[in-house]
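**Q** take this sequence and fold it.
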Amino acid sequence: MPQVDFGDLSVRPGQHEEGTLTKRIEHFTSQVPSGFYLAAAGAAIGLSAGLYLTGRKNDAHFVGHWVSAILLMGVYNKLVKLHGSD
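**A** Residues are numbered from 1 along each chain as shown. As a prediction, the model looks like this:
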């Protein structure tokens, strides 16, 4: 299969800026302690387990899916705190 050359598609630091909305969101979310995301993920795990044990399996699965999203938000929050934003 032939190779397609798209040129240089890399993005260099400072080449593009974040929008105003993103900057505002990062400003406020960077004030949230990192432990909050771990606690929220732990609470979601506990809630999911409780729902499962009471027979509400569909609700338990729904809440259980929150854990990865909460942890991902925590990672994003930590990256913004450590490296800043544009």
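
**Q** once you drop chain neighbours, what's closest to the residue nearest the centre of the chain?
**A** The centroid of the chain falls nearest to Met73 when counting by C-alpha atoms, centre = their mean (2.4 Å). Leaving aside its chain neighbours, Met73 sits nearest to Tyr37 (6.0 Å; criterion: C-beta to C-beta, 6 or more residues apart in numbering). In short, each C-beta sits where N, CA and C put it, glycine included.

**Q** ok so, going back, can you list the buried residues in the host helix or strand of the residue nearest to the centre of the chain?
**A** Following DSSP states H and E, the helix or strand that holds Met73 is helix 66-83. Neighbour-count burial for helix 66-83 flags Trp66, Val67, Ile70, Met73, Gly74, Asn77, Lys81 (criterion: 16 or more other C-beta atoms under 10 Å).

**Q** burial measure for Lys57, as a count.
**A** If you count neighbours by other C-beta atoms under 10 Å, Lys57 ends up with 11.

**Q** what's the pLDDT at Lys78?
**A** At Lys78, the model reports a pLDDT of 89.

**Q** next structured bit after the least confident helix or strand in the chain by mean pLDDT?
**A** The helix or strand of the chain with the poorest confidence is helix 20-29; it has a mean of 85 (mean pLDDT, DSSP states H and E). Next in sequence after helix 20-29, counting helices and strands by DSSP H and E, comes helix 34-53.

**Q** give me the contacts around that following helix.
**A** Helix 34-53 has contacts (C-beta atoms under 8 Å, 6 or more residues apart in numbering) with 57, 59-61, 63-64, 66-67, 70-71, 73-74, 77-78, 81.

**Q** poorly predicted segments of the chain, please.
**A** 1-7, 11, 85-86 (pLDDT under 70).

**Q** if we can go back for a sec, how far away is the residue nearest to the centre of the chain from Ile45?
**A** With distances taken as C-beta to C-beta, to the nearest Å, Met73 is found 15 Å from Ile45.
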